[in-house]
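# Following is a predicted model, sequence given first.
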Amino acid sequence: MENIEESSPFRITPTVQALGSALRGEPENVRGPNGPASGDRINGEPEKLWFKESSAKNLRNRDFLSPTTVLNTLYAEGQVPPSVMGRVLSLRGRGVLPLAGGEVMGEGLRVRVDRPTAFRQVLARAADYLKPSGQRQGGVVLNCPALHPKPSAPSPDTLTLGQLRTVLLTDHLGALLRRQGYTVSFCPVLPEGSDTIVFLRMLGIDWPTVPSSWTNEDREERLLGALQSSPYRDVESEGRREGAGRKLEEGENERSLRVNLKRVFQEEGLLGYDPSLGTCTVHRDSVCQMAQLDRATEDCVSSQSHIQQVSTATVLHVTSCQDEFRQQQIAMLWRASGAMATQRHVVCGPVKTPGTHLTAAQYLQLRRVQMKEASEMKYGEQVEGKTWDDIIKVMTSATMRFELLSTVHTSPVTLDVQREGGVSTKGPRGGVFVMYNCARLHTLFDSYERGVEKGFYPEIPEGSTLDFSSLKEEGEWLLLFNYLIPFSELLDQSGQALECEGGVARVNLKTEQVCKFLVSLSKDFSSFYNRVHVLGEPLPHLFNQMFCRLQLLRALRELYHTALDTLHLPPIPQL
């Protein structure tokens, strides 16, 4: 029979759940409501029974901890019965890490993972830890209101930093959701060759385009007709123009079409919409956005129809807090026209630049100049030519993405955009620091491969022949336990949040997690790499440990590449 532990990748969440079940078990000597020997588990048991350790200090002697406060709640005087301890230490199950031992200490019940076994099995199938733990089905339309005409088309010179944040977030979400199996469409499509498309490509964003002659007018007219016959049309208020002195838009009649949005979300039971949404006049730019949404949803559904029977898709409006009210208006207008798609709003906090004001184009130019200056200070005259132009382009994009995406999306971001502030190529400074450490791994393996060519080192053997008990440096386990093993669950988070949160308008998809993960990984990898000499002397008795470390760092390199790909940042060979 196939061994469950060896057939399933290890996961943190199933391990914590299994530990919790084992600790609850069939208690002996459990404290009851009338004293310590009632034999029944008490009510109100805390849900969080175990904690995964992450700090280097705590990982020296434990990997998971059930604190003394939990033990005191479960058992009289915190005494864990031998049978319960036996269940904990003999855990088996799908995704459950193998344990090597445990004991009750002053801080609680601590357990240690069988580290050599974990190293061997994780590194033998590292690819399984670089993808979501499961594949989801469904369609998602990512709508970026910042790129819709209002009524004129946006450009890099009119795009605010807050709007740029929503564009970068939309791009990142698209990559994450596609990895989880979703079919993703982007809205709106943009004219090919436009200034905005050129600008987005400089940031590594491949946004969908249409020919400049493309038109969506037929769909716009159908939606306008649907609103005119909508049960939510407010005929009584039509004819009273909004805003004294407002000029009529082209094609707008004195008798404006108006829709009662409050009735839409109240009668259809849609939660989380602004109660001040009232009767809204339908303008041409709103109909234009609705038509784009209609088209994107139709494309999304048709592209996945060969996989499953799907009649609609979830629409995520990724918008700035300043534009949230308007986007709720458009969402309800679209609903009033008969659209049945589930609509959710990912709302971003403002981007602040104390002492100055920059457009998206100016911000890109500033960071690019600073990145080139920092590179010239470090590398001198060699910073010339196409190779360096490409490196500076990627590094500029990395700097901007990490600055705007490392913060919880609902919170404000404050940028230092003073000209003299510069961009450092060293130190834990977000995107630059991450790319630098990724490049160090490229350099390490380049050096190793040159050593193989010269006959200094043999090729890395199969992992099954290596003795991973030689990995005793605390940084080695930290890299596996805090990053390689949990990464798969990190990739699951946005899809889980999308499916699990209730039907309220706003949704929090934890979009900052990948950037924060990469910065934390880079700090711990940098500390390890500065302390440990991986490529040792070419002596046979040293090869096993060197090969084990190279196996670990090879998996780490692929982890970097996979995580950076969700940000559309290609790895670079040097910095």
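It's in.

# domain parsing for the chain?
If you go by automatic domain parsing, the domain ranges for the chain are 4-113, 144-239+252-348, 369-501+511-565.

# Using a markdown table, please lay out these together with mean neighbour count and distance to residue 358.
In this view, the C-beta of every residue, glycine as well, is placed from N, C-alpha and C. Shown next, in a markdown table, are the domains of the chain (neighbours: other Cβ atoms under 10 Å; distance: least, Cβ to Cβ, whole Å):
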| stretch | mean neighbour count | distance to residue 358 |
| --- | --- | --- |
| domain 4-113 | 16 | 37 |
| domain 144-239+252-348 | 18 | 6 |
| domain 369-501+511-565 | 17 | 6 |
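
# out of the ones you listed, which comes closest to residue 572?
Checking those against residue 572 by Cβ to Cβ gives domain 369-501+511-565 as the closest, at 5.3 Å.

# Please settle this for me: is residue 21 part of a helix?
Yes: under DSSP: H, G, I helix; E, B strand; the rest coil, residue 21 falls within a helix.

# so how far is residue 143 from it?
The spacing between residue 21 and residue 143, counted by Cβ to Cβ, to the nearest Å, is 42 Å.

# again, but for residue 293
Distance, residue 293 to residue 143, using Cβ to Cβ: 6 Å.

# So for those two, which residues contact both of them?
Common neighbours of residue 293 and residue 143 are listed as 187, 315 (criterion: Cβ atoms under 8 Å, 6 or more residues apart in numbering).

# Would you mark the buried spots in stretch 124-131?
126, 129, 130, 131 (16 or more other Cβ atoms under 10 Å).

# wouldn't the first one be in contact with residue 555 here?
This points to residue 126. Yes: assessed by Cβ atoms under 8 Å, residue 126 is found in contact with residue 555 at 3.8 Å.

# what's the spatially closest residue to residue 509 that is not a sequence neighbour sitting at in phi/psi?
Nearest non-adjacent residue to residue 509, counting by Cβ to Cβ, 6 or more residues apart in numbering: residue 494, 4.6 Å away. Backbone torsions for residue 494, taken as degrees, to the nearest 10, come to phi -60, psi -40.

# hang on, the earlier thing: now for residue 126 and residue 555: what residues contact both?
Residues touching both residue 126 and residue 555 (Cβ under 8 Å, 6+ apart): residue 484.

# Determine which of the domains of the chain approaches residue 360 most closely.
Comparing the domains of the chain under Cβ to Cβ, the one sitting nearest is domain 144-239+252-348, at 3.9 Å.

# What average pLDDT does the closest one get?
Across domain 144-239+252-348, pLDDT averages out at 90.

# for the buried residues of stretch 124-131, which one is nearest residue 266?
residue 131 (42.5 Å).

# That closest one reaches residue 489, doesn't it?
No: in this structure residue 131 lies outside contact range of residue 489 using Cβ under 8 Å: 11.2 Å.

# If I look at the nearest residue to residue 522 once chain neighbours are set aside, what pLDDT would I see?
Nearest in space to residue 522, with sequence neighbours left out and distances taken as Cβ to Cβ, 6+ apart, is residue 437 at 4.2 Å. On pLDDT, residue 437 comes in at 95.

# any idea how far residue 437 is from residue 559?
Relative to residue 559, residue 437 is positioned 12 Å away (Cβ to Cβ).

# Now list whatever residues contact both of those two.
Counting by Cβ under 8 Å, 6+ apart, the residues touching both residue 437 and residue 559 are residue 521.

# can you give me the strands for the stretch 151-300 of the chain?
Listed in chain order, the strands of the stretch 151-300 of the chain (DSSP state E, counting those that start in this stretch) span 183-187, 190-191, 209-210, 258-260, 279-281.

# of all these, which lies closest to residue 222?
strand 258-260 (15.9 Å).

# what distance separates that closest one from the centre of its chain?
Distance of strand 258-260 from the chain centroid (Cα atoms, centre = their mean, to the nearest Å) equals 37 Å.

# From the contact counts, what lies against that strand?
Contacting strand 258-260 under the criterion 3 or more Cβ pairs under 8 Å, 6 or more residues apart in numbering; DSSP states H and E are the following elements: strand 279-281, helix 324-336.

# related to what we said a few turns ago, specify the stretch among the domains of the chain that is closest to residue 355.
Nearest of these to residue 355, taken as Cβ to Cβ: domain 369-501+511-565 at 7.2 Å.

# gap between the two ends of that closest one?
24 Å (Cα to Cα, to the nearest Å).

# any idea how far the nearest residue to residue 459 once chain neighbours are set aside lies from residue 352?
Spatial nearest neighbour of residue 459, chain neighbours left out: residue 452 (6.2 Å); criterion: Cβ to Cβ, 6+ apart. In this view, residue 452 and residue 352 are 51 Å apart by Cβ to Cβ.

# next one: residue 256
According to Cβ to Cβ, residue 256 stands 37 Å off from residue 352.

# Secondary structure added to the buried residues of stretch 124-131, as TSV?
Below are the buried residues of stretch 124-131 laid out as TSV (three-state DSSP):
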residue	secondary structure
126	helix
129	helix
130	coil
131	coil
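
# can you put the residues you listed in CSV and add pLDDT and distance to residue 52?
Formatted as CSV, the buried residues of stretch 124-131 follow (pLDDT from 0 to 100; distance: Cβ to Cβ, whole Å):
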residue, pLDDT, distance to residue 52
126, 95, 20
129, 96, 16
130, 96, 20
131, 93, 21
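
# wait, which of the residues you listed is closest to residue 92?
Distances from residue 92 to these, taken as Cβ to Cβ, are shortest for residue 129 (20.0 Å).

# isn't that closest one right next to residue 489, touching?
No: applying Cβ under 8 Å as the test, residue 129 and residue 489 come out as separate, 9.7 Å apart.

# For the stretch 351-500 of the chain, just list every one of the helices.
With helices called from DSSP state H, counting those that start in this stretch, the stretch 351-500 of the chain shows them at 360-379, 385-405, 431-453, 474-479, 487-500.

# For residue 354, which non-adjacent residue is spatially closest?
Among residues not flanking residue 354 along the chain, residue 414 sits closest, at 6.8 Å (Cβ to Cβ, 6+ apart).

# Many thanks, we can stop here.
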